[in-house]
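K.L.:
Pasting the sequence and the predicted coordinates here, then a few questions.
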Amino acid sequence: MSTLRVAVIGAKGRIGSEAVRAVEAADDLELVAALDRDDRLDALTDAGVQVAVDLTHPDAVMSNLEYVVGQGIHAVVGTTGWTPERLAALEGWLAAVPGTGALVAPNFSIGAVLTMRFAQQAARWFESVEVIELHHDNKADAPSGTATRTAQLIAAARHQAGRAPQQDPTTHGLQGARGADVDGVPVHSVRLRGLLAHQEVLFGGTGETLTVRHDSLHHSSFMPGILLAVRTVPTVPGLTYGLEHYLAGTDGTEGI
Ligand SMILES: NC(=O)C1=CN([C@@H]2O[C@H](COP(=O)(O)OP(=O)(O)OC[C@H]3O[C@@H](n4cnc5c(N)ncnc54)[C@H](OP(=O)(O)O)[C@@H]3O)[C@@H](O)[C@H]2O)C=CC1
Ligand SMILES: O=C(O)C1=N[C@H](C(=O)O)C[C@H](O)C1
């Protein structure tokens, strides 16, 4: 059986080290490069890498991807900090190397992908919605990539349903008390030692609330999604945003 030659960039980090172990344990994948800060990216070409997994830092990911995609290496990206401008830049680099694919996944865990989907479905039925994300105390970015994407999806679903933007009644208070505004959806970020990655989406209507909650309790929760992405990305040229696009059909159904 021929194996896919894989690299992990950010290999010494919390999720990167788990990804190294997951790739090494997969019979159909071969870990041929494990890079971290200060390692040279040309090691990827020297090692004949076919798929590179970036799990680094919002400050590092764009220069990494410019090199990776420029070399025609497929990219699986879990690193956060994505903006429309960054996605457009990545799309431009991919267009210059036809046949090369990149997946940017705000979250690789199935539960988080489902949370986003359920939140999208619920969004049009409730007047109020707020997102609370809770993470470990070393996280560099806030709000989390997952919470940002969740709020964007909720806002788009509300807009599509013709729902008016939420009105914030606050006239007195401290700056920041109502969280960050992501497309009109308040997003609150908690950073606490002992946590890993958690999210609640709170919906409110007349006399009722609905809470959709997801908890990643260990970095192993992200591994099935990363391995699926590594195996799929060579078959999907161009930019894909969100693991849900790779899940369709994997269990014989239409996907989520
Ligand atoms: N999409 C998803 O499902 C998930 C995404 N993430 C995201 O992944 C990213 C990493 O998270 P986490 O593992 O917790 O962070 P860590 O800080 O634990 O790991 C990042 C690693 O990348 C290294 N690094 C920094 N810059 C570079 C560079 N230019 N080249 C190579 N390596 C570099 C860091 O080195 P140093 O320590 O020296 O800075 C560190 O070893 C974050 O953006 C996080 O949000 C995390 C979990 C799940
Ligand atoms: O930094 C993390 O830990 C995580 N980052 C991603 C995010 O910002 O959404 C995914 C998950 O929440 C873990």
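P.N.:
Looks like it came in fine. Ligands and ions are numbered 1, 2, ... in the order given.

K.L.:
Could you count how many residues lie near the residue in the stretch 151-256 of the chain that ligand 1 sits nearest to?
P.N.:
Proximity of the stretch 151-256 of the chain to ligand 1 (Cβ to the nearest ligand atom) peaks at Phe222, 4.5 Å away. Where C-beta positions appear, they are placed from N, C-alpha and C, glycine not excepted. If you count neighbours by other Cβ atoms under 10 Å, Phe222 ends up with 24.

K.L.:
go on, Thr115?
P.N.:
By other Cβ under 10 Å, 21 other residues sit near Thr115.

K.L.:
do Thr170 as well
P.N.:
Thr170 has 8 neighbours, counted by other Cβ under 10 Å.

K.L.:
can you tell me the helix or strand for it?
P.N.:
Here Thr170 is covered by no helix or strand, with elements defined by DSSP states H and E.

K.L.:
Which pLDDT value goes with the closest residue to it other than its chain neighbours?
P.N.:
Spatial nearest neighbour of Thr170, excluding adjacent residues (Cβ to Cβ, 6 or more residues apart in numbering): Arg178 at 5.8 Å. Reported pLDDT at Arg178 in the predicted model: 97.

K.L.:
do you know how far Arg178 is from Pro165?
P.N.:
14 Å (Cβ to Cβ, to the nearest Å).

K.L.:
higher neighbour count, those two?
P.N.:
Higher neighbour count among Arg178 and Pro165: Arg178, with 15 against 11, using other Cβ under 10 Å.

K.L.:
who's in contact with that one?
P.N.:
Arg178 makes contact with Asp168, Thr170, Pro186, according to Cβ atoms under 8 Å, 6 or more residues apart in numbering.

K.L.:
Would you mind confirming that Leu243 makes contact with Leu228?
P.N.:
Yes - Leu243 lies in contact with Leu228 (Cβ atoms under 8 Å); the separation is 7.4 Å.

K.L.:
shouldn't the residue of the stretch 151-256 of the chain closest to ligand 1 be in contact with Phe108?
P.N.:
Yes - contact criterion Cβ under 8 Å: Phe222 and Phe108 qualify, at 4.0 Å.

K.L.:
what residues do the two have in common as contacts?
P.N.:
Here Phe222 and Phe108 share the contacting residues Gly78, scored by Cβ under 8 Å, 6+ apart.

K.L.:
I'd say Ala105 and Val230 touch.
P.N.:
No - using Cβ under 8 Å, Ala105 is not in contact with Val230; the gap is 11.3 Å.

K.L.:
any common contacting residues for those two?
P.N.:
What both Ala105 and Val230 touch, as defined by Cβ under 8 Å, 6+ apart, is the set Val76.

K.L.:
Where is the longest helix in this structure?
P.N.:
helix 145-160 (DSSP state H).
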